[in-house]
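>>> With the input below, show me the fold.
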Amino acid sequence: MFSEIVERYDWDEVREEIYSKTQSDVENAIQNKNVSIEDFKALVSPAAEKYLEEMAFISRDITQKRFGKTMQLYIPLYLSNLCSNHCIYCGFNQNNKIHRIKLSDDEILAEVEVIKKMGYEHILLLTGESPKDTGLDYIAHAMDIIHPYFKQITLEVYPMTTAEYQHLILHGLHGVYVYQETYHKKRYTHYHPAGKKRDYNWRINTPDRLGQAEVRKIGLGALLGLEDWRIEAVFMAMHLRYLEKKYWKVKYSIAFPRIRPHVGSFVPNFIVSDKEFAQMIWSFRMFDPDLEMSLTTRESQYFRNHMIDLGITSMSAGSKTDPGGYACYKNELEQFTVNDNRNPVELMKMIQARGYETVWKDWDMCFEKERN
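Residues are numbered from 1 along each chain as shown. The predicted structure follows:
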């Protein structure tokens, strides 16, 4: 389990290693075709700032060679905002006085009807983390309702057991995103003072359980704004490499959520600039040419426009971060405020204007049937 690996590293020592990297270290990392963890530390270090333009071109070339000039589109569907956790940075925090809801069958179908009219074939299902309210049976049932309408279903819900993930595969599960939020173990409980999410090891070992269940795709991520992004990136890179070696049949993806305004009073501890954000994306592309990387509507139109051809492989558009936000309820229950409000057609036109093709579907249910 990765929890055993991460115990070998001290946060402050890793920080010192990153910040001690020199321009010579960066130049060596850029020249290496097989980027190591030590090379990655150099790429995300302050010493790499003078090489960002070169890194951007390298990232673009690697991405086009591996993925072509394409951009996959997906959309999130929140099934519930009921949550038993007290994450101090989240609008769904149990202590926040917001309207709580769990979508019914009819409400799910109403949401699906609106989303399908947008043209989507890939959907990401989300809930607050409350197994009592949105347990395995509820999620499986929701997937059964949704599965006939979409070619691919991924989840971003509370961590489950291996057996539970295997059960959901039978209901059409393709992949799971699970964000560690922060890899800083000593600070982790500060951000998660109560609830099941407080258990650092249970959460960090979720991708292991996903690998054991043989899901097709595992998504990682750290919430940018909690701790130093450079150190988070290195631990995430170590986690990724560990998983790729141990569960080599799985496809991997990384998302880069930056803290956005939400219900509550939390203020980010570390502000991540657009330039630093781009540096991290380019570093990951050089680290892993096969890695899928997504950029959500948390980011501005300006930033997303300029990242189209520089390493990102998937984007969402027209997103609502509240359950029932597409058809049933309007801006009442948001987890966070969306930054880029363009609809899918507007985003598609921008992508095509930059010489890229929008991909609405790259997977079909028949592959899952053959697998099962």
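>>> Would you tell me what the next helix or strand after the host helix or strand of D61 is?
Applying DSSP states H and E as the criterion places D61 in helix 52-67. Later in the chain than helix 52-67, the nearest helix or strand by DSSP H and E is strand 70-78.
>>> Spatially central, which residue of the chain would that be?
A255 (3.2 Å; C-alpha atoms, centre = their mean).
>>> hang on, isn't that one packed against L223?
No. Using C-beta atoms under 8 Å, A255 is not in contact with L223, being 10.0 Å away. For every residue, glycine as well, the C-beta is placed using N, CA and C.
>>> joint contacts of those two?
Common contacts of A255 and L223 (C-beta atoms under 8 Å, 6 or more residues apart in numbering): Y179.
>>> distance of S104 from T162?
Per C-beta to C-beta, to the nearest Å, S104 is found 30 Å from T162.
>>> neighbour count winner among these two?
In this view S104 and T162 are compared by other C-beta atoms under 10 Å, and T162 has more residues nearby, 15 against 11.
>>> list the contacts for the more buried one?
Listed by C-beta under 8 Å, 6+ apart, the contact set of T162 reads 209-210, 212-213.
>>> V215 too?
165, 169, 173-176, 250.
>>> Not counting its neighbours along the chain, what's nearest the residue nearest to the centre of the chain?
Distance criterion C-beta to C-beta, 6 or more residues apart in numbering; nearest residue to A255, sequence neighbours excluded, is G221 at 4.3 Å.
>>> Could you identify which of the contacts of V215 has the most neighbours?
L173 (26 neighbours).
>>> which among the contacts of T162 end up buried?
By neighbour count, with 16 or more other C-beta atoms under 10 Å, the contacts of T162 hold 209-210, 213 as buried.
>>> possible to save these as CSV with pLDDT?
Shown next, in CSV, are the buried ones among the contacts of T162 (pLDDT from 0 to 100):
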residue, pLDDT
R209, 98
L210, 98
A213, 98
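>>> residues near the closest residue to G318 other than its chain neighbours, how many?
Leaving aside its sequence neighbours, G318 sits nearest to N343 (C-beta to C-beta, 6+ apart; 4.6 Å). Neighbourhood size, N343 [other C-beta under 10 Å]: 10.
>>> Next: K186.
11.
>>> do N32 as well
13.
>>> Let me know the distance separating it from F287.
N32 is 10 Å from F287, by C-beta to C-beta.
>>> Same question for C83.
33 Å.
>>> in the helix holding D61, what's buried?
Burial within helix 52-67, assessed by neighbour count using 16+ other C-beta under 10 Å, is assigned to 55-56, 58-60, 62-63, 67.
>>> Packing partners of it?
Judged by 3 or more C-beta pairs under 8 Å, 6 or more residues apart in numbering; DSSP states H and E, the packing partners of helix 52-67 are helix 23-31, helix 274-287.
>>> Highest mean neighbour count out of the ones you listed?
helix 274-287 (a mean of 22; mean count of other C-beta atoms under 10 Å).
>>> relative to helix 23-31, how tilted is that one?
50 degrees (axes from the mean of the first three to the mean of the last three C-alpha atoms, to 10 degrees).
>>> Counting by contacts, list what whichever helix or strand comes after helix 274-287 packs against.
Counting by DSSP H and E, the element after helix 274-287 in chain order, helix or strand, is strand 292-295. On a contact count with 3+ C-beta pairs under 8 Å, 6+ apart, strand 292-295 meets strand 251-255, helix 274-287, helix 301-307, strand 314-316.
>>> List the contacts of strand 292-295.
74, 217, 219, 251-256, 281, 284-285, 303-304, 307, 311-316.
>>> ok, and what's touching stretch 319-331?
By C-beta under 8 Å, 6+ apart, stretch 319-331 touches 75-81, 101-103, 107, 110-111, 113-115, 296-297, 332-338.
>>> What of stretch 258-277?
52, 88-91, 93, 96, 98, 223-229, 256, 298-299, 303, 334-339.
>>> can you tell me which of the helices and strands packed on helix 52-67 comes nearest to Y149?
Smallest distance to Y149 across those (C-beta to C-beta): 31.5 Å, for helix 274-287.
>>> I'd like the average pLDDT over the closest one.
Helix 274-287 shows an average pLDDT of 97 in the prediction.
>>> Helix 52-67 and that one, what's the angle between them?
Using the same axes, to 10 degrees: helix 274-287 against helix 52-67 is 50 degrees.
>>> Centre of the chain to helix 274-287, how far?
Taking C-alpha atoms, centre = their mean, to the nearest Å, one finds helix 274-287 lying 15 Å from the centre of the chain it belongs to.
>>> now stretch 206-225
On C-alpha atoms, centre = their mean, the centre of stretch 206-225 falls 9 Å from the chain's centre.
>>> Buried residues, it. List them.
Those buried within stretch 206-225 under the rule 16+ other C-beta under 10 Å are 206-211, 213, 215-225.
>>> What is the end-to-end distance of it?
22 Å (C-alpha to C-alpha, to the nearest Å).
>>> What of stretch 348-359?
9 Å.
>>> Give the buried residues for that stretch.
Here stretch 348-359 shows 348, 350-351, 356, 358-359 as buried, counting by 16+ other C-beta under 10 Å.
>>> hmm, back to that, which one of the contacts of T162 is nearest E244?
Nearest to E244 out of the contacts of T162 is L210 (C-beta to C-beta; 13.0 Å).
>>> which residue sits closest to the closest one in space, ignoring its chain neighbours?
Using C-beta to C-beta, 6+ apart, the nearest residue to L210 is I218, at 5.0 Å.
>>> Show the subsequent helix or strand relative to the helix or strand encompassing that neighbour.
I218 belongs to strand 217-221 when elements are defined using DSSP H and E. Following strand 217-221 in sequence order, the next helix or strand is helix 229-246 (DSSP H and E).
>>> picking that back up, give me the buried subset of the contacts of strand 292-295.
Judged by 16+ other C-beta under 10 Å, buried ones among these: 74, 217, 219, 252-256, 281, 284-285, 303-304, 307, 311-316.
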